[in-house]
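*Asks:* Attaching a predicted model along with its sequence, questions to come.
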Amino acid sequence: MFFLMLVVFVVGYGLIVSEHVNQINKAATALLIGTVLWALYALGGDEILAMGASVSWKDYTAAGGSDLVAFITHHELFHHLSDIASILFFLIGAMTIVELVDKYQGFRIITSKIKSDNVIRLLWIISILTFFMSAVLDNLTTTIVLITVLKKIITKQENRWVFASVVVLSANAGGAWSPIGDVTTIMLWIGGQVTASHIVGSLILPSLVNMLVSTMLFSFFVVKGQTVRPVLPANEISAFTSRREQVFMLILGTLALVSVPVFKTLTHLPPFMGMLFSLSVMWIMTDRYLKKRSAEDKRTLTVTAALKAVDIPTILFFLGILSAVAALQSAGHLDILSIYLKESISNIYVLNMLIGGLSAIVDNVPLVAASMGMYSIAGVEATGAAMDFMQNGHFWTFLAYCAGTGGSMLIIGSASGVAAMGLEKINFMWYLRRISWIALLGYLAGALTYYLQTNWF
């Protein structure tokens, strides 16, 4: 069963990759492998856990637990479900807020300011905007916002795929140097491995180099020609929103998104709670505002209407793929991988580079979690190689960069990539052929910058 789980994951991964060939929606495949892996785990738990690979099972038995069925079906499943649900609720809240702002045509304020029809100039504007937005918000929310904006600017699908890919790379690079920019940096910050000021000071230059190199390669080798603004559909042209209402909703939506990291910092609650709080405030304000509006407005401009426009297949794809990875983590597959890396590689730079590469295939959250479990924070008296594992040590800092940006090498390697894939229906193989090599070179350029920065300058 242990090896069968791996086979199912690999086959399922292949079906997701070849979605354009088999014509099976990737959300359906992801849900299938997620549920099948947990079913195999539940049916073959005796054999799987007897291998002794699962660190979670060892911790459970050390705490006095012994019921194998309860461990799998309640302890582990619901533990991982809470983590997955927090991501899904965050995603639903962010997508709803963005859809609501869009229904009020709030993004017209941004798109009207982007005057250039030159693709290269527009590429740089979007890339730089994404890079800094993702540090203030986070890479997932920023990706959702910017792709919504891109739909208002670019007509041609392949051009929009290219720009969406730029958003993914820049959002991941921008999120890596901020303590609130990516879920992995949040984990390391809350865990005490890094401090906020250190991660900003140490990673802003490598992340910036990553973004600049990637965008430069896009401008030289991928993007060509002029962009054409799309014609707004009739129902959008006749929407009943004034300029004042558009500005108000854009500001309100921006404040709602920006308040999420503030809410988290003040309350120490998970980010999804802040997102749901922001959504609830916007919901109340828009409902009150629409009391005097027509019935047509109430059907078009409410949060209920925005919720109906949320891309549910993208949500389900997240649920399936994260469930599949969680099953492998609970059964011990990722623990074996982590231990192998620890025992076979002593150089922290090589180790982190490999973790970053793996994060393009396997979600970076369990990889970072496994790394945090394998290595403890060294005390202030540490000397020699142990100093790399002190708070703000090179291992933890470089891990934040590699895990945050390595996922860009595949479209399903990061939360922002998965969101872009769902929102724009980006083909996996198209991304692999056209974008992955750019993401790899940007990743390597940023890693080299960090190495030179810490060892030479």
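*Replies:* Thanks, I have the structure now.
*Asks:* Tell me if I'm right that Ala135 and Asp182 touch.
*Replies:* No: Ala135 lies out of contact with Asp182 (C-beta atoms under 8 Å); the separation is 9.5 Å. C-betas here are computed from N, CA, C, even on glycine.
*Asks:* where in the stretch 51-200 of the chain is pLDDT low?
*Replies:* When residues are selected by pLDDT under 70, those of the stretch 51-200 of the chain lie in 115-117, 190-191.
*Asks:* ok, Ala135 and Asp182, which is more surrounded?
*Replies:* Neighbours were counted for Ala135 and for Asp182 using other C-beta atoms under 10 Å; Asp182 has more, 33 against 25.
*Asks:* The nearest residue to that one once chain neighbours are set aside: what's it in contact with?
*Replies:* If the residues on either side of it in the chain are set aside, Asp182 comes closest to Gly175, at 3.6 Å by C-beta to C-beta, 6 or more residues apart in numbering. Neighbouring residues of Gly175 by C-beta atoms under 8 Å, 6 or more residues apart in numbering: Ser134, Ala135, Asp138, Asn139, Thr142, Gly181, Asp182, Thr185, Gly404, Ser416.
*Asks:* Give me the buried subset of those.
*Replies:* The neighbour count (16 or more other C-beta atoms under 10 Å) marks Ser134, Ala135, Asp138, Asn139, Thr142, Gly181, Asp182, Thr185, Gly404, Ser416 as buried among the contacts of Gly175.
*Asks:* Outside of the helix or strand where the first one lies itself, which residues are in contact with it?
*Replies:* Counting by DSSP states H and E, the secondary-structure element that holds Ser134 is helix 119-136. Outside helix 119-136, the residues within contact range by C-beta under 8 Å, 6+ apart are 114, 116, 142-143, 145-146, 150, 153, 159, 163, 166-167, 169-175, 177-178, 180-181, 207-208, 211, 214-215, 218-219, 223-227, 258, 261, 416.
*Asks:* Restricted to helices, list those residues.
*Replies:* Within these, residues falling in helices by DSSP state H are 142-143, 145-146, 150, 153, 159, 163, 166-167, 169-175, 207-208, 211, 214-215, 218-219, 258, 261, 416.
*Asks:* Helices of the stretch 201-350 of the chain, start to end?
*Replies:* Using DSSP state H, counting those that start in this stretch, the helices of the stretch 201-350 of the chain run over 234-237, 243-267, 271-289, 295-300, 303-309, 312-331, 333-344, 348-358.
*Asks:* Would you mind listing the outside residues contacting the third one?
*Replies:* Contacts to helix 271-289, defined as C-beta under 8 Å, 6+ apart, come from residues 85-87, 89-90, 93-94, 96-97, 100, 138, 186, 252-253, 256-257, 259-264, 267, 301-303.
*Asks:* For Ser56, which residues are in contact?
*Replies:* By C-beta under 8 Å, 6+ apart, the contact list for Ser56 reads Glu76, Gln329, Ser330, Gly332.
*Asks:* Tell me how many other residues surround Asp46.
*Replies:* Neighbour number of Asp46 under other C-beta under 10 Å is 10.
*Asks:* Just the buried ones from the contacts of helix 271-289?
*Replies:* For these, buried by 16+ other C-beta under 10 Å: 86-87, 89-90, 93-94, 96-97, 100, 138, 186, 252-253, 256-257, 259-261, 263-264, 301-303.
*Asks:* From what I see, Leu32 and Ile321 are in contact.
*Replies:* No: here Leu32 does not reach Ile321: they are 11.0 Å apart, not a contact under C-beta under 8 Å.
*Asks:* higher neighbour count, those two?
*Replies:* Counting neighbours by other C-beta under 10 Å for Leu32 and for Ile321 shows that Ile321 has the greater number, 25 against 16.
*Asks:* Where does Asn392 sit: helix, strand or coil?
*Replies:* Here Asn392 is coil, with the state taken from DSSP: H, G, I helix; E, B strand; the rest coil.
*Asks:* Return the distance of the helix or strand in which Leu452 is found from the chain's centre.
*Replies:* Here Leu452 is covered by helix 436-455, with elements defined by DSSP H and E. Averaging C-alpha positions (C-alpha atoms, centre = their mean, to the nearest Å) puts helix 436-455 20 Å from its chain's average.
*Asks:* for stretch 75-95, same thing?
*Replies:* With C-alpha atoms, centre = their mean, you get 13 Å for stretch 75-95.
*Asks:* Send me it as PDB with only the CA atoms.
*Replies:* Taking Å, rounded to 0.1, in the frame of the first residue of the first chain, the C-alpha atoms of stretch 75-95 are listed here in PDB:
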ATOM      1  CA  HIS A  75      -6.300  12.700  14.200                       C
ATOM      2  CA  GLU A  76      -4.500  13.100  10.800                       C
ATOM      3  CA  LEU A  77      -7.300  13.600   8.400                       C
ATOM      4  CA  PHE A  78      -8.900  16.400  10.400                       C
ATOM      5  CA  HIS A  79      -5.600  17.900  11.300                       C
ATOM      6  CA  HIS A  80      -4.700  18.300   7.700                       C
ATOM      7  CA  LEU A  81      -8.200  19.200   6.800                       C
ATOM      8  CA  SER A  82      -8.000  22.200   9.100                       C
ATOM      9  CA  ASP A  83      -4.800  23.400   7.300                       C
ATOM     10  CA  ILE A  84      -6.400  22.900   3.900                       C
ATOM     11  CA  ALA A  85      -9.700  24.500   4.900                       C
ATOM     12  CA  SER A  86      -7.800  27.600   6.100                       C
ATOM     13  CA  ILE A  87      -6.300  28.000   2.600                       C
ATOM     14  CA  LEU A  88      -9.600  27.400   0.900                       C
ATOM     15  CA  PHE A  89     -11.500  29.900   3.100                       C
ATOM     16  CA  PHE A  90      -8.800  32.400   2.500                       C
ATOM     17  CA  LEU A  91      -9.000  31.800  -1.200                       C
ATOM     18  CA  ILE A  92     -12.800  32.000  -1.300                       C
ATOM     19  CA  GLY A  93     -12.700  35.200   0.700                       C
ATOM     20  CA  ALA A  94     -10.100  36.900  -1.500                       C
ATOM     21  CA  MET A  95     -11.700  35.800  -4.700                       C
END
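*Asks:* heads up, I number from 11, so please use that
*Replies:* Shifting the count to begin at 11 puts that one at stretch 85-105.
*Asks:* List of residues touching stretch 100-113?
*Replies:* 117, 150-151, 154-155, 158, 249, 259-260, 262-263, 266-267, 281-282, 285-286, 288-289, 292, 296, 310-311, 313, 315-317, 319-321, 324-325, 328, 429.
*Asks:* Would you list the buried entries among those residues?
*Replies:* 117, 150-151, 154-155, 158, 249, 259-260, 262-263, 266-267, 281-282, 285-286, 288-289, 292, 296, 310-311, 313, 316-317, 320-321, 324-325, 328, 429.
*Asks:* picking that back up, which one among the contacts of Gly185 gets closest to Gly24?
*Replies:* Set against Gly24, the nearest of the contacts of Gly185 by C-beta to C-beta is Ser426 (23.0 Å).
*Asks:* Can you check the pLDDT for the closest one?
*Replies:* What the model reports for Ser426 is a pLDDT of 87.
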